[in-house]
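Participant: Only the shape, not the letters, is given here:
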Ligand SMILES: [Zn+2]
């Protein structure tokens with residue numbers, strides 16, 4: 001039995017970052033969005049993605065990768081949510097993702113299992129569960145299929161429609177980046193240990209390595225602080241990194257995410273969130 005705190009009654013509001021909330025509001029205000037969402041469902045793309053994923057992966061269960069399945073079950077208990085399906089697929093680039101609007105699932109790439117230990121997997125699976133619980137999957141799927149959907153809707157032609165398309169693309173990718181900060185918090189709520197969550201982020205950033213024992217959490221955090229405070233990144237640097245490169249990134253830079261997790265803990269909001277539920281658990285135990 002683990003001594004992880006069960007967060008009975010947790011809602012996505014408890015871990016949603018302000019930036020995520022803000023970006024989602026902005027995204028929902030884009031007039032083209034409902035049209036794209038309707039087309040996504042009309043074409044049955046959610047089911048298509050689900051079937052494609054299942055066809056390409058091994059589904060975990062009590063008799064298939066029980067270690068991973070048990071981490072999933074316990075993580076769902078902590079976040080107080082239904083258990084989605086869990087898959088593993090062969091891929092040398094370590095990562096994981098959540099999919100399935102109607103039937104949610106998490107897919108782990110094989111190399112992430114080599115890159116992370118079990119405790120770090122709690123963070124990773126907690127992160128993906130955080131996406132599912134916060135209903136991020138619909139807009140992620142839309143983002144994944146955005147260009148084909150826009151093609152079908154005739155929105156990718158030269159002309160007046162371009163501005164609407166550009167606004168939607170920007171808002172979707174901006175929200176997608178901000179959603180990661182919320183999901184990282186969910187990962188932390190499952191790992192219930194900042195060091196573990198930071199190590200998971202380092203593992204994801206550095207990738208598998210025979211020299212993993214030489215990785216330093218302190219040096220990584222120090223790097224995050226240096227990155228934030230770097231003078232060349234003021235104004236012009238930020239404009240280049242975020243406005244030009246960042247536009248096409250669906251994930252914020254890992255170093256930025258590490259800093260955000262660290263800040264959520266140091267500003268006391270993490271322990272405040274846990275404390276909200278610890279009383280309930282004491283009551284349940286009594
Ligand atoms: Zn994510």
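Facilitator: Done, it's in. Since we're looking at a predicted model, the values are computed, not measured.

Participant: Least confident secondary structure element in this structure?
Facilitator: helix 236-238 (a mean of 57; mean pLDDT, DSSP states H and E).

Participant: give the contact list for residue 26.
Facilitator: 171, 174-175 (Cβ atoms under 8 Å, 6 or more residues apart in numbering). For glycine as for every other residue, the C-beta is placed from the backbone atoms N, C-alpha and C.

Participant: Looking at the residues you listed, which is nearest the ion?
Facilitator: residue 175 (12.3 Å; Cβ to the ion).

Participant: Tell me if the helix or strand harbouring that closest one is near the ion.
Facilitator: Counting by DSSP states H and E, the element that carries residue 175 is helix 161-191. Yes: contact of helix 161-191 with the ion (Cβ under 5 Å from the ion) involves 180, 183.

Participant: Quick check: what element follows that helix along the chain?
Facilitator: Helix 161-191 is succeeded, C-terminally, by helix 194-206 (DSSP H and E).

Participant: If we look just around the ion, which residues of the protein are in range?
Facilitator: Residues of the chain lying near the ion by Cβ under 5 Å from the ion: 180, 183.

Participant: The chain: helices as residue ranges?
Facilitator: Per DSSP state H, the chain carries helices over the ranges 18-28, 33-42, 45-56, 66-79, 110-115, 118-133, 137-144, 146-152, 161-191, 194-206, 217-229, 236-238, 254-266, 269-285.

Participant: gap between the spatially closest residue to residue 111 that is not a sequence neighbour and the ion?
Facilitator: Nearest non-adjacent residue to residue 111, counting by Cβ to Cβ, 6 or more residues apart in numbering: residue 94, 4.3 Å away. Plainly put, residue 94 is 13 Å away from the ion if you go by Cβ to the ion, to the nearest Å.

Participant: Next, the contact list for residue 94, please.
Facilitator: Counting by Cβ under 8 Å, 6+ apart, residue 94 has contacts 109, 111-112, 114-116, 203-204, 207-208.

Participant: So what's the predicted local confidence for it?
Facilitator: Residue 94 carries a pLDDT value of 93.

Participant: quick one: pLDDT of residue 230?
Facilitator: Reported pLDDT at residue 230 in the predicted model: 51.

Participant: Could you count how many residues lie near residue 17?
Facilitator: When neighbours are defined as other Cβ atoms under 10 Å, residue 17 has 19 of them.

Participant: okay but it is in contact with residue 178, surely?
Facilitator: Yes: contact status for residue 17 versus residue 178: in contact at 6.6 Å, counting by Cβ atoms under 8 Å.

Participant: Pick the most buried one from the helices of the chain.
Facilitator: Highest mean neighbour count of those: helix 118-133, a mean of 25 (counted as mean count of other Cβ atoms under 10 Å).

Participant: where does the chain have low pLDDT?
Facilitator: For the chain, applying pLDDT under 70 flags the ranges 1-2, 156-162, 228-251, 279-286.

Participant: Nearest to the ion within it, name that residue for me.
Facilitator: residue 183 (4.5 Å).

Participant: could you list every residue that touches the residue nearest to that residue when sequence neighbours are not counted?
Facilitator: Excluding its sequence neighbours, the residue lying closest to residue 183 (Cβ to Cβ, 6+ apart) is residue 130, at 4.0 Å. The contact partners of residue 130, by Cβ under 8 Å, 6+ apart, come to 12, 15, 79, 182-187, 189.

Participant: and residue 117, how far is that from residue 123?
Facilitator: Separation of residue 117 from residue 123 (Cβ to Cβ, to the nearest Å) stands at 10 Å.

Participant: what do you get for residue 81?
Facilitator: Noted for residue 81: a distance of 16 Å to residue 123, by Cβ to Cβ.

Participant: And for residue 46?
Facilitator: Using Cβ to Cβ, one gets 27 Å for the distance from residue 46 to residue 123.

Participant: Then residue 83?
Facilitator: Residue 83 sits 18 Å away from residue 123, taking Cβ to Cβ as the criterion.

Participant: swap in residue 214?
Facilitator: 21 Å.

Participant: same deal with residue 217?
Facilitator: 13 Å.

Participant: This completes my enquiry, with thanks.
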